[in-house]
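Colleague: no sequence on this one, just coordinates:
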């Protein structure tokens, strides 16, 4: 990264411009400017503030000003290395000096919720998280995003380019660092105000909102790398492992009662089919309508013991039972019963086994990925996605997991966000798809390098051959891009089909029907 020489006077001016941005956007009030200014002067070793006139301006983001100050910090020797990680540690510290205390944010949030509505409160909190650069919108804007038309509606595809890669020096340094158990994980509330280290992000600009779910203390924050609008994380006060239980459903329904404009969902609680952080109980929510929510119901069912609840199989690649009704308690009880029933259910013909034995231990395989929302009819609505994490010799990564031929596009766990129809694909694909596009336009020719396992396109060799056979090598650049977006969308649909427990063919849907009949449902 190039160094930009900063004189003390120009750094002092940048500080004033940043203070102006902070006051304009409600991060601090006018009286707070004195404290924030003096803290920033101390941080940068400046004896006095800028003495001239600060230009009147209204900036939409603090990022440009932060970059100037980080360059100044590098010149002044305040950064150990001029890498993105060290710059990120300092910019969180800078922004943390221009923010209200966590308790003040909480007070403002609930004041807005009471005097206006909870939507106004979340809008305030989301904007603050962006303005404080906790949510790094400049990096998120780099993500590729498109819609792919499929038999199950338009799936959302994103290539994740927003999370910075580690510098080789930092990777080497990580091996030498002493192990630290504080904070215990990225979700612990102890992260509030934490200065960070090379292997743990700084969180001086993090704020959280305390909630009560099912009489327990939880917190709401936004994800620093949002994948959709108002991408929220709702986490337990204590560092306890994720476990899908009857309480899970009650908490989800409790949340959408308090935040009716948000959905909330939970990753499953077993390896392979679960999320990336299973050691701290948490949910994800937000203000976004995912493709699965838009998917129609295709077969209606009823349960004699739960007459007030509607049930339906959803037209979706994965196995989804949608429950809806106005009675929260009834919905909760039926969802809880279904979880218990599913955990114990086996159907060898459909390759579903509830348990296996290993070293004398009984290993569970069945669980549920649940999502809750308020629907257009004003009802509580639960989508219960049936999951099973069995492996086999043929599918060592998971029988109901993306199969080997799809790993060149997606091999990671299919978590909550993917389940709902938003593909989060690895950043490597951006360059790889660009190189494949050159083959489809004729700008590049297919060479022997694809047979080399170390070549980036080697993993795509069979797919490339099929694409060339289908589309040829003389497409326009725009046509090649459109083809690849469609084909990637088709691959993601196949990923979800692989992850579905009861397949979308006649035999699979018959197996789905057997399960529902076994647990007391009758088709209407």
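Modeller: Now that the structure is in, tell me what you want to look at. Keep in mind that this is a model prediction, so the values were computed, not measured.
Colleague: got the residue ranges for the strands in the stretch 51-200 of the chain?
Modeller: With DSSP state E, counting those that start in this stretch as the criterion, the stretch 51-200 of the chain has strands at 144-150, 153-159.
Colleague: Can you tell me which of the ones you listed is packed in deepest?
Modeller: Most buried of the strands of the stretch 51-200 of the chain, by mean neighbour count (mean count of other CB atoms under 10 Å): strand 153-159, with a mean of 20. (Each C-beta comes from the backbone N, C-alpha and C, glycine too.)
Colleague: What strands line up against that one, and which way round?
Modeller: strand 144-150 (antiparallel), strand 422-425 (parallel) (DSSP bridges).
Colleague: what would these look like in a markdown table with distance to residue 207 and mean pLDDT?
Modeller: Listed next are the strands paired with strand 153-159 as a markdown table, based on distance: least, CB to CB, whole Å; pLDDT from 0 to 100:
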| stretch | distance to residue 207 | mean pLDDT |
| --- | --- | --- |
| strand 144-150 | 27 | 97 |
| strand 422-425 | 25 | 96 |
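Colleague: could those go into a markdown table alongside distance to residue 485?
Modeller: Output for those, formatted as a markdown table (distance: least, CB to CB, whole Å):
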| stretch | distance to residue 485 |
| --- | --- |
| strand 144-150 | 5 |
| strand 422-425 | 11 |
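Colleague: so which of those strands gets nearest residue 103?
Modeller: Proximity to residue 103, assessed across the strands paired with strand 153-159 by CB to CB, is greatest for strand 422-425 (34.0 Å).
Colleague: Following element in sequence after that closest one, please.
Modeller: Moving toward the C-terminus from strand 422-425, the next helix or strand (DSSP states H and E) is helix 428-441.
Colleague: quick one: contacts of that next one?
Modeller: The contact list for helix 428-441, computed with CB atoms under 8 Å, 6 or more residues apart in numbering, reads 144, 159, 161, 409, 444-446, 456-457, 460, 464, 467-468, 471-477, 479-481, 483-484, 488.
Colleague: So which bits of it are buried?
Modeller: 429, 432-433, 436-437, 439-441 (16 or more other CB atoms under 10 Å).
Colleague: Mind putting the residues you listed into TSV with distance to residue 405 and pLDDT?
Modeller: Output for these, formatted as TSV (distance: CB to CB, whole Å; pLDDT from 0 to 100):
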residue	distance to residue 405	pLDDT
429	16	96
432	16	96
433	18	97
436	16	97
437	21	97
439	20	96
440	20	97
441	25	97
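Colleague: Mind putting these into a markdown table with distance to residue 202?
Modeller: A markdown table is the format used below for those (distance: CB to CB, whole Å):
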| residue | distance to residue 202 |
| --- | --- |
| 429 | 29 |
| 432 | 32 |
| 433 | 33 |
| 436 | 38 |
| 437 | 38 |
| 439 | 43 |
| 440 | 43 |
| 441 | 44 |
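Colleague: Which single one of those is nearest to residue 523?
Modeller: The shortest gap between residue 523 and any of those belongs to residue 429, at 41.3 Å (CB to CB).
Colleague: And the pLDDT for the residue nearest to residue 142 when sequence neighbours are not counted?
Modeller: Leaving aside its sequence neighbours, residue 142 sits nearest to residue 161 (CB to CB, 6 or more residues apart in numbering; 4.4 Å). On pLDDT, residue 161 comes in at 90.
Colleague: how much space between residue 161 and residue 423?
Modeller: 14 Å (CB to CB, to the nearest Å).
Colleague: burial measure for residue 450, as a count.
Modeller: Residue 450 has 18 neighbouring residues, counting by other CB atoms under 10 Å.
Colleague: Quick check: the nearest residue to it once chain neighbours are set aside vs residue 212, distance?
Modeller: Leaving out its chain neighbours, the residue that sits closest to residue 450 by CB to CB, 6+ apart is residue 461, at 4.6 Å. Separation of residue 461 from residue 212 (CB to CB): 54 Å.
Colleague: neighbour count winner among the two?
Modeller: Comparing residue 461 with residue 212 by other CB under 10 Å, the one with more neighbours is residue 461, at 17 against 11.
Colleague: pLDDT on the helix or strand where the more buried one lies, on average?
Modeller: Secondary structure assigned from DSSP H and E places residue 461 in helix 461-471. Average pLDDT, helix 461-471: 96.
Colleague: for this structure, longest helix please?
Modeller: Longest helix in the chain by number of residues, with DSSP state H as the criterion: helix 477-499.
Colleague: got the buried residues for that helix?
Modeller: The neighbour-count check on helix 477-499 (16+ other CB under 10 Å) flags 480-481, 483-485, 487-499 as buried.
Colleague: And residue 319, how close does it get to residue 520?
Modeller: Residue 319 is 18 Å from residue 520, by CB to CB.
Colleague: Comparing the two, which shows the higher neighbour count?
Modeller: Neighbours were counted for residue 319 and for residue 520 using other CB under 10 Å; residue 319 has more, 26 against 16.
Colleague: dump the residue contacts of the more buried one.
Modeller: Residues near residue 319 by CB under 8 Å, 6+ apart: 385-386, 500-502, 512.
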